[in-house]
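Trainee: Predicted model, plus sequence, below.
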Amino acid sequence: MFKIFLTLHLVAAVFAIGPLVHAATTASRGLRTTDADATASSARTVKIYSYASVVVVILGFGLMSAKSPYTHQAVADFGDVWIWLSALLWLAAVGIALGVIVPSLDQATTRIGAGEAVGSLKGKVAATGGVVGLVFAAIIVLMVYRPGS
């Protein structure tokens, strides 16, 4: 079971978290070019992959409770620092994506369609997209180095 959960967790991370980080970090491109289709597409992509990232977390919890073939013990416990901190950081990243980036892109799409300026949203979308990327990078570091274990 361990190898199955590990494989599924990693595949889901690549195919859900990867596109989420890419969309979040490049979303401001549509604002710079004032392309309403691009901002709408970016908002939709960030939203879809934010929800899809729940699968990564569920598979991670499954992996966490599986027995390691090397130690024959559970891989981790939710009380481990690297587990609860990763979960908290994931929640923060998805919260930023759904609570800041998506609404800002939706607002930009509306403004661009109405011929209004979107300059005030460029920095907000770019900065929060960068933060989402950094948060997921921190989660990867926690998963690899497993501090406290």
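Mentor: That came through fine. Numbering: from 1, shown residues only.
Trainee: And the nearest residue to Ala16 once chain neighbours are set aside, how close does it get to Ala97?
Mentor: If the residues on either side of it in the chain are set aside, Ala16 comes closest to Ala52, at 4.1 Å by C-beta to C-beta, 6 or more residues apart in numbering. No exception for glycine: its C-beta is placed from N, CA and C like everyone else's. Between Ala52 and Ala97 the distance is 11 Å, computed by C-beta to C-beta, to the nearest Å.
Trainee: overlap in contacts of these two?
Mentor: Contact with both Ala52 and Ala97 is made by residues Leu20, according to C-beta atoms under 8 Å, 6 or more residues apart in numbering.
Trainee: the more surrounded of these two?
Mentor: For Ala52 versus Ala97, neighbours defined as other C-beta atoms under 10 Å are more numerous around Ala97 (26 against 15).
Trainee: Need the pLDDT of the more buried one.
Mentor: According to the prediction, Ala97 has pLDDT 98.
Trainee: Report the contact partners of it.
Mentor: Contact analysis of Ala97 by C-beta under 8 Å, 6+ apart lists 20, 24, 46-47, 50, 128, 132.
Trainee: With the flanking residues excluded, which residue is spatially nearest to it?
Mentor: Ser50 (4.7 Å).
Trainee: Correct me if wrong: the one you found contacts Leu91.
Mentor: No: the criterion here is C-beta atoms under 8 Å, and Ser50 misses it with Leu91 at 11.0 Å.
Trainee: more neighbours, the two?
Mentor: Taking Ser50 and Leu91 together and counting by other C-beta under 10 Å, Ser50 has the greater number of neighbours (24 against 12).
Trainee: Quick check: which element contains the more buried one?
Mentor: Secondary structure assignment for Ser50, by DSSP states H and E: helix 36-65.
Trainee: which other helices and strands contact the following helix or strand past that helix?
Mentor: The element immediately downstream of helix 36-65 (helix or strand, assigned by DSSP H and E) is helix 81-96. Helix 81-96 makes packing contacts with helix 36-65, helix 119-145 when contacts are defined by 3 or more C-beta pairs under 8 Å, 6 or more residues apart in numbering; DSSP states H and E.
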